[in-house]
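[1] got a sequence here, can you build the structure:
(2 chains)
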Amino acid sequence: MSENAKNISFCSLPDQLSCLLERTEKLLKPFTCRSPPAFSPWFPISTAAHRLPIRPAKPAPVITSGDFLADDPKSNKDPLFMDRDASPIRRSWSVFTQRRVLLQNPQSLSRQFDHMVSVHGLHLRQRAKWVITQDNCGDIEKVWRSLSRSVQSSRLPTCNANIQRERAEIWVFCDLLYSEQVGRHLKDELKLVGRVSLSVHKLGNIFSM
Amino acid sequence: MTTLTRQDLNFGQVVADILCEFLEVAIHLILYVREVYPSGIFQKKKKYNVPVQMSCHPGLNQYIQDTLHCIKPLIEKNDAEKVVVVIMDKEHHPVERFVFEISQPPVVSISAETLLSHVEQLLRAFILKISVCDAVLNNNPPGCSFTVLVHTREAATRNMEKVQVIKDFPWIVADEQEVQMKESRLIPLKSMTSDIVKVSLKLWKVLTRPVLCVLLNYLVVSYSNTSAFFVHLSQMQLYVEERAQKT
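    Predicted coordinates:
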């Protein structure tokens, strides 16, 4: 007879049961397992698999859409151009946001403009450029600010505008189809004086207003 | 057909010029398509005879140009193995990786396929693929940023001097966190083979938590039998891989 059996036989019946239960619990306990140590290779690891790439230390600039749409002309700091170094740069371009408004039907072209288009064999979706110089306005920065507002509020269809500060010029790009309408808007809204000229790639100046 | 080594006609420089020009267009387009930046800063332009979206933001353009200017010497010497455009979430965890694998043959055979027009035609296909890749992808979380990683053929530290060509544009070794992507899927987008260079573009997209949870819940509920569960899981994996290869 084993020692365990002897112990059980000497106990009373309730004690025997509790002993049995205790013993069963002990037997049902999971075996203690030794957790294996983490594998560390004894051979040289292939450098190709563990080679990390390189990247620029400087992060890419952050531009948010909120900054892009909220353009406060009174503020000197333009948030659109503020990168992580928070260095404000004066805005030098403006883009027509087509998403916010549907393109209106273009106004009909004048006979003179229509003739010019047919003479040069131009396509109406071709891009053309209005050039506003210092001679057309007193303060080119002031004109630029009001022009930027017009472009961003989608009042100048298909327009992208660009200020060339070193040349003291503003370039307004648009489709030829809308160029006459844009030209009239520029003259009236921006109160330009003198004549503004319209040019296309390769041909140069083709029209003035 | 004429056979030339890489040193003849300075092919490395020619390849670097072509690839950097292509990578610039591709990076701009990826940033537009994956909405890393507001669409208002992009303008439609024409490259490789197809419309592409290029940023007008001077800060961003400068950053991309500086990055590529630094990568160029590595491509020229055939030291760059992969150029990866990584899109990261707010916590700087990668959510998408556009991997451009580049390999250049040691010997170049001159044929009609070496013509720049032919190479550009092949590169155009990449641009077209990138411009439509959003169709198979779900939207990225808001506030994403990007970085460009360069995997070199040798240890990165050996190539550090080669990339430090711009004084104010230092390079560092990337963190493991920026490279590793858990639970991602692979979408091969395009590959090209020409006489002077081979390029392949693969997209790694992280699987979003809700998609994974829904998938696992469905499988656990559907299968009380464990072996059936694993059989179905492996079948699904094969199906996903097949789909990825087709796309």
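
[2] next one: phi and psi at the residue nearest the centre of chain A?
    Among the residues of chain A, the one closest to the centroid is A:Ile63, at 5.8 Å (C-alpha atoms, centre = their mean). When read as degrees, to the nearest 10, the backbone of A:Ile63 gives phi -130, psi 120.

[3] quick one, what contacts it?
    A:80, B:37-38, B:41, B:57, B:59-60 (C-beta atoms under 8 Å, 6 or more residues apart in numbering or on different chains). From N, CA and C alone the C-beta is placed, and that goes for glycine too.

[4] ok, A:Arg195 next?
    A:Arg195 neighbours (C-beta under 8 Å, 6+ apart): A:136, A:208-209.

[5] local confidence estimate at it?
    Note on A:Arg195: pLDDT of 90.

[6] again, but for B:Ile30
    95.

[7] just give the number of residues close to it.
    By other C-beta atoms under 10 Å in any protein chain shown, the residues close to B:Ile30 number 20.

[8] hmm, back to that, out of the contacts of A:Ile63, which end up buried?
    By neighbour count, with 16 or more other C-beta atoms under 10 Å in any protein chain shown, those hold A:80, B:37-38, B:41, B:57, B:59-60 as buried.

[9] quick one: buried residues of the lengthiest helix in chain B?
    Ranked by residue count, the top helix of chain B under DSSP state H comes out as helix B:11-33. Neighbour counts using 16+ other C-beta under 10 Å place B:11-12, B:14-16, B:18-20, B:22-33 of helix B:11-33 among the buried residues.

[10] show me the contacts for residue 207.
    All of this is about chain A. A:113, A:116, A:179, A:197-198.

[11] my bad, chain B
    Taking C-beta under 8 Å, 6+ apart, one finds B:183-185 in contact with B:Leu207.

[12] just the helices from chain A, written as ranges.
    A:3-10, A:13-28, A:47-50, A:65-69, A:111-120, A:140-152, A:176-189.

[13] reformat the buried ones among the contacts of A:Ile63 as TSV; add pLDDT and distance to B:Gln104.
    Shown next, in TSV, are these (pLDDT from 0 to 100; distance: C-beta to C-beta, whole Å):
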residue	pLDDT	distance to B:Gln104
A:Leu80	39	40
B:Tyr37	92	32
B:Pro38	89	37
B:Ile41	89	34
B:His57	89	32
B:Gly59	90	32
B:Leu60	93	29
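
[14] quick check: the farthest pair among the residues you listed?
    Distances among those were taken as C-beta to C-beta; the most separated pair is B:Pro38 and B:Gly59, at 13.4 Å.

[15] pull the CA atoms of the one helix or strand B:Lys129 maps to into CSV?
    Using DSSP states H and E, B:Lys129 maps to helix B:116-132. C-alpha atoms of helix B:116-132 as CSV (Å, rounded to 0.1, in the frame of the first residue of the first chain):
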residue,chain,number,x,y,z
LEU,B,116,14.2,57.9,-74.4
SER,B,117,10.7,57.9,-76.0
HIS,B,118,10.3,54.2,-75.4
VAL,B,119,11.4,54.5,-71.7
GLU,B,120,9.1,57.4,-71.2
GLN,B,121,6.3,55.4,-72.7
LEU,B,122,6.9,52.7,-70.1
LEU,B,123,7.1,55.3,-67.3
ARG,B,124,3.8,56.8,-68.4
ALA,B,125,2.1,53.5,-67.5
PHE,B,126,3.3,53.9,-63.9
ILE,B,127,1.8,57.4,-63.8
LEU,B,128,-1.5,56.1,-65.1
LYS,B,129,-1.5,53.3,-62.5
ILE,B,130,-0.8,55.7,-59.7
SER,B,131,-3.5,58.0,-60.8
VAL,B,132,-6.1,55.3,-60.5
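
[16] relative to helix B:11-33, how tilted is that helix?
    For helix B:116-132 against helix B:11-33, the angle by axes from the mean of the first three to the mean of the last three C-alpha atoms, to 10 degrees is 20 degrees.

[17] and helix B:116-132, what's buried?
    Under 16+ other C-beta under 10 Å, the buried positions of helix B:116-132 are B:119, B:122-127, B:129-131.

[18] what's the domain layout of the chain?
    Since no chain was named, I'll use chain A. Domain segmentation of chain A under automatic domain parsing yields A:59-90, A:93-208.

[19] ah, no, chain B please
    If you go by automatic domain parsing, chain B breaks into B:2-207, B:208-247.

[20] confidence-wise, which of those is weakest overall?
    The bottom spot among the domains of chain B, by mean pLDDT, belongs to domain B:208-247, with a mean of 54.

[21] nearest spatial neighbour of B:Val85, skipping sequence neighbours?
    Distance criterion C-beta to C-beta, 6 or more residues apart in numbering or on different chains; nearest residue to B:Val85, sequence neighbours excluded, is B:Phe98 at 4.3 Å.

[22] and the host helix or strand of that neighbour with helix B:116-132, angle?
    Here B:Phe98, judged by DSSP H and E, is contained in strand B:94-103. Computed by the same axes, to 10 degrees, the angle separating strand B:94-103 from helix B:116-132 equals 170 degrees.

[23] buried stuff in strand B:94-103?
    Buried-residue list, strand B:94-103, by 16+ other C-beta under 10 Å: B:94-102.

[24] quick one on the thing from earlier: redo the buried residues of helix B:116-132 as TSV? Include distance to B:Tyr48.
    As requested, those are exported to TSV (distance: C-beta to C-beta, whole Å):
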residue	distance to B:Tyr48
B:Val119	10
B:Leu122	9
B:Leu123	6
B:Arg124	4
B:Ala125	9
B:Phe126	9
B:Ile127	6
B:Lys129	12
B:Ile130	12
B:Ser131	11
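
[25] check whether B:Trp204 really touches B:Glu96, as I assumed.
    Yes. Using C-beta atoms under 8 Å, B:Trp204 makes contact with B:Glu96 at a distance of 6.9 Å.

[26] which member of the buried residues of helix B:116-132 is positioned nearest B:Met192?
    B:Leu122 (4.1 Å).

[27] now do that closest one against B:Lys190, distance only.
    9 Å (C-beta to C-beta, to the nearest Å).

[28] can you list the residues of chain B near chain A?
    B:37-41, B:43, B:56-60, B:63, B:66-67, B:70, B:82, B:84, B:145-152, B:155-156, B:159-160, B:163, B:169-176, B:178-179 (C-beta under 8 Å from any C-beta of the partner chain).

[29] so which of these sit within strands?
    Residues of those located in strands (DSSP state E): B:43, B:82, B:84, B:145-152, B:171-173.

[30] filter these down to the buried ones and express that as a PyMOL selection.
    In PyMOL, a selection of the buried entries from those looks like this (16+ other C-beta under 10 Å):
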select buried, chain B and resi 43+82+84+145+146+147+148+149+150+151+152+171
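
[31] what about B:Asp168, how many neighbours?
    As a measure of burial, B:Asp168 has 6 neighbours, counting by other C-beta under 10 Å.

[32] A:Asn205 is in contact with A:Ser199, correct?
    Yes. Between A:Ser199 and A:Asn205 there is a contact under C-beta under 8 Å: 4.8 Å.
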